[in-house]
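Peer 1: The following comprises the amino acid sequence and a computationally predicted model.
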Amino acid sequence: MVNAVSGRRRFAIRQIVLPAEPSRRWHRTWHAQTRHCQFGAASAQVLGAQEMTRVRDFEYRDPISPLPREAARPKWSVMIPAYNCASFLAATLESVLAQDPGPAQMQIEVVDDCSSDDPQRVLNEIGGNRVGFFHQPQNLGHIGNFHTCLDRAQGELVHLLHGDDAIRPGFYELLGRGFDADPSTGAAFCRAIFIDAQGQELSIPPVMQSSPGRLENAAIRLALEQHIMTPSIVVRRAVYEELGAFDRRLKCSEDWEMWVRIASQFPVWYEPQALALYRMHPQSNTGRHIRSAEDMAYTRMAIDIFKTYLPTELADDVAASARRTYALSALETARRLFGAGDWAGCLAQMSEAFRFDPSLKTIGRMLRLVAERQDCPS
């Protein structure tokens with residue numbers, strides 16, 4: 001899922017009074033031997049039994065099988081889900097292999113969801129025997145394929161890297177520092193540069209904090225807006241074991257729900273450098289859903305889901321602010337579709353904007369967009 005424009009982020013954050021003493025309120029202690037996490041007393045008071053139960057509700061998530069503690073394991077698992085993206089896969093593999101510390105330290109595997117463009121040919125040319133390959137017996141869709149990736153991961157730290165995305169030099173070194181510096185870290189992420197199908201830079205988000213370190217009030221800040229693109233984050237496998245895989249109800253924004261879920265339970269480390277490349281193209285999962293506005297419909301659903309993970313006294317305000325932000329994002333997408341001559345897609349996005357925020361401001365913005373269309377020559 002694509003994050004909304006950065007100018008809206010400042011608007012959203014001003015609506016929320018963040019909790020005091022965040023390091024105490026979100027404190028957790030990591031028990032490395034048992035690979036379980038226990039809340040500090042302050043966290044238990046903030047989240048409460050109801051929120052903790054919802055975070056651990058597996059009705060719509062597949063479990064991730066724990067690995068034997070005594071087994072020898074690599075530090076990293078780079079799991080590359082692929083579906084008809086062979087034209088981009090070489091760049092993905094090359095970006096990983098350039099930072100490869102060797103098979104004892106890093107598992108690299110492509111998990112193919114029944115592609116028709118022969119990704120194994122690309123893998124053989126680029127990865128040789130170094131990169132593993134798993135071919136799904138039938139197409140599972142991207143959520144099912146993600147689950148296979150997580151379940152097959154053998155490393156302590158899992159990097160889910162789409163077969164059309166890539167990373168920049170230093171990604172594993174710098175994000176790995178977050179886990180080494182703080183054993184309680186559940187996930188570490190950096191900024192992602194948005195690129196087009198040709199690899200040209202489209203945009204880069206602003207920094208969330210100027211120096212590497214724990215992101216305070218992470219659950220609330222990440223719930224206000226989607227800041228994390230999947231190729232830019234690394235998660236402890238034990239975290240997935242505890243919280244489960246991606247939510248099967250979501251065809252878009254499943255990543256946003258997951259990152260808020262994790263941040264509500266574990267400390268999150270932030271690296272301000274832009275070390276990941278997130279590719280935007282019409283065949284991507286996000287690109288396929290924009291014209292129908294399904295991307296925004298699933299975004300609304302994700303907000304409704306992760307709202308239940310947040311402290312009760314803040315959840316309503318955070319969710320309302322996120323909805324306002326994405327109402328504006330939907331209207332901006334509608335404007336782009338209108339400029340491209342796609343009036344049906346424009347209408348679909350405007351409809352979702354109203355569902356996000358049925359306010360007079362939203363209606364006024366929609367009417368101005370309609371007026372612009374009427375003023376344009378046919």
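Peer 2: Done, it's in. Residues are numbered from 1 along each chain as shown.

Peer 1: To which secondary structure element is residue 318 assigned?
Peer 2: helix 312-339 (DSSP states H and E).

Peer 1: Now the spatially most central residue of the chain. Its backbone dihedrals?
Peer 2: The residue lying closest to the centre of the chain (Cα atoms, centre = their mean) is residue 255, at 3.5 Å. Main-chain dihedrals, residue 255, degrees, to the nearest 10: phi -70, psi -40.

Peer 1: Look up how far residue 273 lies from it.
Peer 2: 20 Å (Cβ to Cβ, to the nearest Å). C-beta coordinates here come from the backbone N, C-alpha and C atoms, glycine included.

Peer 1: And the strands in the stretch 201-350 of the chain?
Peer 2: 201-203, 213-214, 233-236, 268-279 (DSSP state E, counting those that start in this stretch).

Peer 1: if we can go back for a sec, quick check: chain neighbours aside, which residue is closest to the residue nearest to the centre of the chain?
Peer 2: Distances taken as Cβ to Cβ, 6 or more residues apart in numbering place residue 230 nearest to residue 255, at 5.0 Å, with adjacent residues excluded.

Peer 1: before we move on, the earlier item: out of the strands of the stretch 201-350 of the chain, which is the most enclosed?
Peer 2: Mean neighbours per residue, mean count of other Cβ atoms under 10 Å, is largest over the strands of the stretch 201-350 of the chain for strand 233-236, with a mean of 24.

Peer 1: in its sheet, what does that strand sit against?
Peer 2: Here strand 233-236 is paired, per DSSP bridges, with strand 157-160 (antiparallel), strand 187-195 (antiparallel).

Peer 1: Nearest to residue 54, out of those?
Peer 2: Of all the strands paired with strand 233-236, strand 187-195 sits nearest to residue 54, with 19.2 Å by Cβ to Cβ.

Peer 1: how many degrees apart are that closest one and strand 268-279 in direction?
Peer 2: Interaxial angle, strand 187-195 versus strand 268-279 (axes from the mean of the first three to the mean of the last three Cα atoms, to 10 degrees): 30 degrees.

Peer 1: Only alpha carbons, please: show strand 187-195 as CSV.
Peer 2: Provided in CSV are the C-alpha atoms of strand 187-195 (Å, rounded to 0.1, in the frame of the first residue of the first chain):
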residue,chain,number,x,y,z
ALA,A,187,11.1,-4.9,13.8
ALA,A,188,13.4,-2.4,12.1
PHE,A,189,12.6,-0.3,9.1
CYS,A,190,14.0,2.5,6.9
ARG,A,191,12.6,4.9,4.3
ALA,A,192,11.8,3.6,0.9
ILE,A,193,12.3,5.4,-2.4
PHE,A,194,9.4,5.1,-4.8
ILE,A,195,10.5,4.3,-8.3
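
Peer 1: Buried ones in that strand, by neighbour count?
Peer 2: Residues of strand 187-195 classed as buried: 187, 188, 189, 190, 191, 192, 193, 194, 195 (neighbour count, 16 or more other Cβ atoms under 10 Å).

Peer 1: Looking at the residues you listed, which is nearest residue 368?
Peer 2: residue 194 (26.9 Å).

Peer 1: Let me see the confidence value for the closest one.
Peer 2: If you check residue 194, the pLDDT there is 97.

Peer 1: Skip the chain neighbours and tell me the closest residue to it.
Peer 2: Excluding the flanking residues, the one nearest residue 194 by Cβ to Cβ, 6+ apart is residue 202, at 4.3 Å.

Peer 1: Please give me every residue in contact with the one you found.
Peer 2: 194, 195, 196, 280 (Cβ atoms under 8 Å, 6 or more residues apart in numbering).

Peer 1: of all those, which two lie farthest apart?
Peer 2: So, those by Cβ to Cβ: farthest apart are 194 and 196, at 8.1 Å.

Peer 1: Which one, of the strands of the stretch 201-350 of the chain, ends up nearest to residue 125?
Peer 2: Nearest to residue 125, of all these, is strand 268-279, at 20.0 Å by Cβ to Cβ.

Peer 1: how far is the closest one from where the chain is centred?
Peer 2: A distance of 11 Å separates the centroid of the chain from that of strand 268-279, by Cα atoms, centre = their mean, to the nearest Å.
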